[in-house]
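**Q** got a structure for you, letters missing:
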């Protein structure tokens, strides 16, 4: 922890590891879309999984979020934002697609 | 300015910077919620093409891959700049910040060309609900990247003029969070907009 209130990184190692992992996790979904190797649903699921893992990689290696190193209130704020996002995005999609479905009849 | 420099010496200043870091973190979380709702809007509007072009006809996998590579690399180079700064290597830090600006500008250039091309072929934000949502989502991200680049220029100026003082170092740390955060949003953009749109 330094003056900035965030852990300070003195080696480029985590950035290189993060970059390598991110490149792999980007290449997989792009290659799948370029080659059309798998059926649509499987491809979409793999894209989603790769995206979630890549976001976690970015949070860990680029933003240095850790359960012990990051201040507790920052983690709580992040969890709260995540809950809001799940409710608002999930709720929006649920309501709008339900409405769409009913209007089509 | 003199007030800040004298405050630096007192132990209270440390708490103050932690407070600022926390405040900036709260801002990032609220920004994440804004983007999440733009994503939700985009997915809802996906089918509303009003007889106009769909993503499959408009998007390019090569361009999306190029934009992704530029932004991902710029995230890493910002990290290198932060590490150089932590090791008090001023010139190397400035060099990596300039590389970051160049990569970010390259990203914006590709995005600008993409938008201009789409508008030129009659697929502007006014064409359909789908395109309105697309331009709002991707454009908001582009505006953030532009502000980030502006921020990097300001930080470069501050490092040059003020040197590696505590306020400058803490500002660079917060700007870094912002820049890495934008890369996370871009991961969501290519995973929600470009890849499913092109499959």
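**A** That came through, no problem. Since the structure is predicted, the reported quantities are computational estimates derived from the model, not experimental observations.
**Q** how about the helices of the chain, start to end?
**A** I'll assume chain A. With helices called from DSSP state H, chain A shows them at A:13-35, A:40-57, A:72-104.
**Q** not what I meant, chain B
**A** With DSSP H as the criterion, chain B has helices at B:2-9, B:12-45, B:55-58, B:61-86, B:90-120, B:129-162, B:166-189, B:195-198.
**Q** what angle separates the fifth one from helix B:61-86?
**A** So that's helix B:90-120. 160 degrees (axes from the mean of the first three to the mean of the last three C-alpha atoms, to 10 degrees).
**Q** hmm, helix B:90-120 in reach of chain A?
**A** No. Using C-beta under 8 Å from any C-beta of the partner chain, helix B:90-120 stays clear of chain A, coming no nearer than 9.7 Å. Every C-beta, even on glycine, is put in place using the N, C-alpha and C of the backbone.
**Q** pull out the buried residues from that helix.
**A** Buried residues in helix B:90-120, counted by 16 or more other C-beta atoms under 10 Å in any protein chain shown: B:93-94, B:96-97, B:99-101, B:103-104, B:106-108, B:110-111, B:114-115, B:118.
**Q** ok, residue 55 - contacts?
**A** Here I'm looking at chain A. Applying C-beta atoms under 8 Å, 6 or more residues apart in numbering or on different chains to residue A:55 gives the contacts B:184, B:187, B:188.
**Q** my bad, chain B
**A** By C-beta under 8 Å, 6+ apart, the contact list for residue B:55 reads B:46, B:130, B:134, B:193, B:194, B:196, B:197, B:198.
**Q** could you flag which of the residues you listed are buried?
**A** Buried subset of these (neighbour count, 16+ other C-beta under 10 Å): B:46, B:130, B:134, B:193, B:194, B:196, B:197, B:198.
**Q** from those, which single one is nearest residue B:66?
**A** residue B:194 (11.3 Å; C-beta to C-beta).
**Q** how much space between the nearest residue to the closest one once chain neighbours are set aside and residue B:195?
**A** Nearest residue to residue B:194, sequence neighbours excluded (C-beta to C-beta, 6 or more residues apart in numbering or on different chains): residue B:64, at 4.0 Å. Separation of residue B:64 from residue B:195 (C-beta to C-beta, to the nearest Å): 8 Å.
**Q** need the overlap of contacts for these two.
**A** Residues within reach of residue B:64 and of residue B:195 at once, by C-beta under 8 Å, 6+ apart, are residue A:30.
**Q** look at the two and report which has more neighbours.
**A** Neighbour totals were compared for residue B:64 and residue B:195, and residue B:195 leads with 26 against 22 (other C-beta atoms under 10 Å in any protein chain shown).
**Q** residue A:47 is in contact with that one, correct?
**A** Yes. Applying C-beta atoms under 8 Å, one finds residue B:195 in contact with residue A:47, separated by 5.1 Å.
**Q** need the residues touching each of these two.
**A** Common neighbours of residue B:195 and residue A:47, using C-beta under 8 Å, 6+ apart, are A:29, A:33.
**Q** which stretches of the chain have low pLDDT?
**A** If you meant another chain, say so; for now it's chain A. Residue ranges of chain A with pLDDT under 70: A:1-7, A:105.
**Q** I was thinking of chain B, sorry if that wasn't clear
**A** Applying pLDDT under 70 to chain B flags residues B:1-12.
**Q** tell me, how many residues neighbour the spatially closest residue to residue B:31 that is not a sequence neighbour?
**A** Of all residues not flanking residue B:31 in the chain, residue B:181 sits nearest, at 7.2 Å (C-beta to C-beta, 6+ apart). By other C-beta under 10 Å, 24 other residues sit near residue B:181.
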